[in-house]
Every structure is written in structure tokens, then in C-alpha cells.
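Trainee: This is a predicted model, with the sequence first.
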Amino acid sequence: MTTSPRLRLSWGGATDQGRVRANNQDAMYADWGLFVVADGMGGHQGGEVAANLAVRAVAKAERGSVSDLRNAVVEANRLVHETAIAQPELHGMGTTLTALAVDQHGEGHQFVVLNVGDSRVYRYRDNQLEQLTEDHSYVAELVRRGEIDDEAASVHPYRNMLTRAIGVHPDVEIDEWLIEPAVGDRFVLCSDGLTNELDDSAIAEQLANTEDPGVIAKALVAAANEHGGRDNSTVLIVDVQAEPLTDNDELREVAEDNSVDFGHKEEEPLDASASATGEAFEMQPHASTIKQRSWLYDQVRISLGAALITLVLTVTTAAMVITIGWYARSGYHVDVVANHVVIQKGRAGGLLWFEPTLEQWTQIQISELSDVDQSRLANSGHMSTLNEAQSFVATLQTRQFGGEDGS
Ligand code: MG
């Protein structure tokens with residue numbers, strides 16, 4: 001017996017540095033229930049760092065509800081802002097961030113869209129393309145106020161000037177929308193490298209194609225390059241499909257047919273098997289209420305001895321957490337972030353929920369190092385002091401830039 005429709009998502013993405021820019025300062029993340037695009041800005045490498053830091057912060061955060069996603073974006077803002085202040089080379093960096101996520105705590109099958117900056121989320125439904133987000137840019141403000149039209153905006157000298165971005169200020173104002181998806185919807189997340197080259201009708205033309213999302217994403221990025229490719233362009237497409245849900249159906253993964261062409265190594269997608277289908281949105285309150293009630297009666301009989309044991313366990317656990325935290329955050333290691341050699345504080349790969357933090361950014365790109373130095377870096381291991389890590393990085397710099405010719 002069919003009880004409710006089961007949402008199935010399939011997605012694909014592509015990113016490219018374009019024909020003019022020296023590197024790709026866009027970043028993206030795709031996983032079941034969470035899709036993010038960021039477009040970094042600032043300095044030689046600042047934009048790349050900002051976009052990657054922000055996307056990783058959102059990808060690693062708690063997820064499921066609107067407030068989880070909002071908190072993740074606030075955390076991304078804090079991380080980018082504090083890193084920009086701590087590292088002189090990264091001063092002024094920031095990034096746009098646009099995200100589409102499944103709201104698993106709300107009623108029904110809702111999506112949440114969050115946006116800061118001028119990357120966009122579109123919905124393509126019934127052959128109509130609708131921009132769901134508002135651009136936070138100077139020219140978009142002028143258009144909204146009726147002072148210029150879209151055509152004038154597209155050639156305005158200040159068209160790249162943002163009025164809001166992640167990491168620029170200690171606080172960030174985030175736009176958010178709740179969206180009721182329908183079967184057949186096709187969502188598009190993209191950076192302005194796409195929308196500055198292709199207008200909405202050209203984008204809609206590509207989306208009318210019934211090919212897989214990954215194929216369409218690559219075609220859109222290629223089209224942006226054909227129209228000039230003056231900026232990095234990134235496109236992530238999410239298709240909403242339905243399958244009948246029957247009482248005997250079992251949860252199964254839906255991620256098997258997704259492709260994302262990142263152009264560079266990305267985070268491993270998080271667990272894609274959990275809550276992948278319609279069951280995630282259904283509650284069975286009666287059974288759990290009864291269970292909780294009998295559990296509550298049992299609790300009344302709790303003895304003073306048990307309370308003392310609980311107190312001792314709590315204190316012991318807190319001491320263990322503090323010790324593990326101290327251990328995880330002690331020392332340094334040399335790592336690679338966004339293709340650059342960096343010094344991180346803490347254990348490589350983190351320990352439990354203690355993640356390493358960026359201590360020092362360097363200009364050294366991993367691709368410019370010899371195989372020998374790349375291997376030395378990979379095996380450099382844990383270092384107890386910042387001095388030790390800096391000395392190691394200095395030897396990489398010496399080798400990279402030479403100096404043996406005595407000139
Ligand atoms: Mg851009």
C-alpha cells in the first residue's frame with residue numbers, strides 16, 4: 001500500500017577557473033541533503049581560502065533543521081573573519097555562500113535556502129526559471145530601487161561590488177527561505193561566473209535538456225567559458241524525483257548516480273546512507289510517547305546512590321574531555337589547504353571533535369614543490385612547537401626558491 005511519496009534527489013556539479021583567472025576561488029559541496037556553492041574574493045589566495053573554509057565549516061556542521069544550517073553559516077563567517085584577522089596575507093578576504101538543504105525537522109518535505117552574497121539558487125519548474133535568492137550587490141540594489149534596469153546592471157562598472165559577504169564583518173546577515181519542493185523541480189546553485197556570462201533564458205535553455213544533472217552542470221560551465229569565461233564558474237544541479245513508498249520498502253541509498261566534477265580534491269562526502277528517503281520526514285509519535293512515559297515512572301525511583309554515581313561519572317567524563325582536548329590541540333603539523341602549504345595547530349586529521357585550526361598561511365603551492373619535498377611534507381608528522389613547524393616550512397621555501405647559485 002502506498003503511504004506517501006518518497007523524495008529522491010539526484011545531483012551533479014562542475015566548476016572551472018575560466019579563461020582569465022589564474023586560479024579557481026570558487027568552492028562547492030554536495031551530499032545528501034546539503035548543497036553549497038561559495039565564491040571567494042580577496043588577494044592572491046584569500047578568496048580560495050575563504051571559500052574553502054566556509055564550505056568546509058558548513059559541510060562539517062550539525063545538519064537537519066533551518067537553525068542548524070543558519071548556525072553553520074554563522075560559524076563559517078566567524079571562522080573566515082578570524083582567520084583573515086590572524087593572517088596578514090589574508091586580510092580582507094571573504095566569500096559568498098549559498099546553500100540548499102533538506103529541512104528534516106520541519107513539517108512535510110521542505111527545503112531551506114540560505115544566501116549571503118551574489119551566488120544564486122534558481123528553481124526550474126514547468127519550463128520556468130525563477131531566481132529564489134536575492135543578490136547582495138551594489139547593482140542589484142540599484143535594480144531593486146528601480147534606478148537602473150537589468151541590461152545596465154550587466155555592464156555596470158561596479159557590478160562585482162558586494163554589499164554582503166561571509167567573513168568581512170564579525171556578524172553576518174543571512175537571507176533564508178523555506179521552499180516546498182515538487183517532483184520534477186530542478187534546483188541550480190551557481191556562482192556569478194555563470195550568471196555574468198549567460199542570461200536567464202540561456203540558462204533555462206540548457207536546463208530544459210533532460211540529461212543527468214552532472215551533464216547539464218558541465219554544459220553550463222562550458223557555455224560560460226565559451227561566452228568569455230572571465231571568472232571562475234561553478235554550477236551544482238539538484239533534481240527532485242519521486243518513487244512510490246510502500247510499507248515493505250527499506251531505506252536505501254540514493255547517492256549512487258551522482259557525479260560532482262570539483263576540478264580539485266574535496267572533502268569526502270559525509271554519510272549518505274542516513275535518512276535518505278521519505279521515512280526521514282515521518283513521525284510516529286504514539287509509540288514513542290508511551291515508551292517515554294513508563295521510562296519516566298522508573299526515574300522517580302532513582303536513589304541517592306545512583307545520583308552520586310552519576311555525579312562521579314560526569315566529573316570523570318569532563319576531566320577526560322579536557323585531557324583529550326589539551327592533547328588534540330597541542331603541537332603543530334604542516335598541511336595543505338586549497339593547494340597551499342599551511343601550518344595547522346593541533347593533531348593532523350583532528351581527534352574526536354577537536355579539529356586542527358589554521359595557524360599560518362604560506363605562499364608555497366604544493367604543485368610547485370618537487371616530488372621529494374612533497375614526500376617530505378607528507379611524512380613531516382607532528383611537531384611540538386611552532387618554531388619547529390616554521391623551520392620545516394623554511395626548508396621548503398629554500399629549496400623552492402633556490403639560492404644555491406650565490407647571486
Ligand atoms: Mg565570481
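Mentor: Alright, I've got the coordinates. Numbering: from 1, shown residues only.
Trainee: drop to CA atoms for contacts and neighbour counts, all remaining ones
Mentor: Fine.
Trainee: What residues does the chain have near the ion?
Mentor: With the criterion set to C-alpha under 5 Å from the ion, the chain comes near the ion through 192-193.
Trainee: can you list the weak-confidence ranges in the chain?
Mentor: Low-confidence segments of the chain (pLDDT under 70): 1-6, 106-108, 243-306, 353, 397-407.
Trainee: The residue minimising distance to the centre of it: helix or strand, and which one exactly?
Mentor: When the chain is reduced to its mean C-alpha position, the closest residue under C-alpha atoms, centre = their mean turns out to be Val55, at 2.6 Å. Per DSSP states H and E: Val55 is located in helix 46-60.
Trainee: Other residues contacting that helix?
Mentor: With C-alpha atoms under 8 Å, 6 or more residues apart in numbering as the contact definition, helix 46-60 has outside contacts at 24-29, 34, 36-41, 69, 72-73, 75-77, 79-80, 89-97, 166-167, 267, 270, 337-338.
Trainee: I'd like to know which of those residues are part of helices.
Mentor: With helices identified by DSSP state H, the entries of the contacts of helix 46-60 that belong to them are 69, 72-73, 75-77, 79-80.
Trainee: Show me which of those is closest to Val102.
Mentor: Distance ranking of the ones in helices among the contacts of helix 46-60 against Val102, using C-alpha to C-alpha, places Leu69 first at 9.9 Å.
Trainee: residues near the closest one, how many?
Mentor: Other residues lying near Leu69 total 26 when counted by other C-alpha atoms under 10 Å.
Trainee: Would you confirm that it contacts Arg63?
Mentor: Yes. Under the contact definition of C-alpha atoms under 8 Å, Leu69 touches Arg63, with a separation of 6.1 Å.
Trainee: Please work out how many residues are found near the nearest residue to Asn24 once chain neighbours are set aside.
Mentor: Setting aside the residues directly before and after it, Asn24 is nearest to Gln17 in space (C-alpha to C-alpha, 6 or more residues apart in numbering), at 4.4 Å. Per other C-alpha under 10 Å, the neighbour tally for Gln17 reads 21.
Trainee: residues contacting Gln17?
Mentor: So, once contact is read as C-alpha under 8 Å, 6+ apart, Gln17 ends up touching 23-25, 231-233.
Trainee: what does the domain assignment say about the chain?
Mentor: Described in terms of automatic domain parsing, the domain architecture of the chain consists of the residue ranges 3-256, 301-407.
Trainee: mind checking how far Asp371 is from the ion?
Mentor: To the ion, Asp371 is 33 Å away according to C-alpha to the ion, to the nearest Å.
Trainee: Quickly note the distance from that residue to Phe392.
Mentor: Distance of Asp371 to Phe392, computed by C-alpha to C-alpha, to the nearest Å: 16 Å.
Trainee: Those two - which one has more neighbours?
Mentor: Each of Asp371 and Phe392 has its neighbours counted (other C-alpha under 10 Å); Phe392 has more, 18 against 11.
Trainee: At which residues are the helices of the stretch 151-300 of the chain located?
Mentor: With DSSP state H, counting those that start in this stretch as the criterion, the stretch 151-300 of the chain has helices at 192-195, 200-207, 213-226, 285-300.
Trainee: Give me the contact list for the shortest one.
Mentor: Looking back up the chat, that one is helix 192-195. For helix 192-195, with C-alpha under 8 Å, 6+ apart as the criterion, the contacting residues are 118-120, 220-221, 224, 229-235.
Trainee: Leu9: which element?
Mentor: Per DSSP H and E, Leu9 falls inside strand 2-16.
Trainee: Mind naming the longest helix for this protein?
Mentor: The helix that spans the most residues within the chain, counting by DSSP H, is helix 304-329.
Trainee: Just list what that helix packs against, helices and strands only.
Mentor: Applying 3 or more C-alpha pairs under 8 Å, 6 or more residues apart in numbering; DSSP states H and E, we find helix 304-329 packed against no helix or strand.
Trainee: Can you point out the buried residues in that helix?
Mentor: Within helix 304-329, the residues that count as buried by 16 or more other C-alpha atoms under 10 Å are 324-325, 328-329.
Trainee: which pair in those spans the largest distance?
Mentor: By the measure C-alpha to C-alpha, Ile324 and Arg329 form the most distant pair in the buried residues of helix 304-329, at 8.5 Å.
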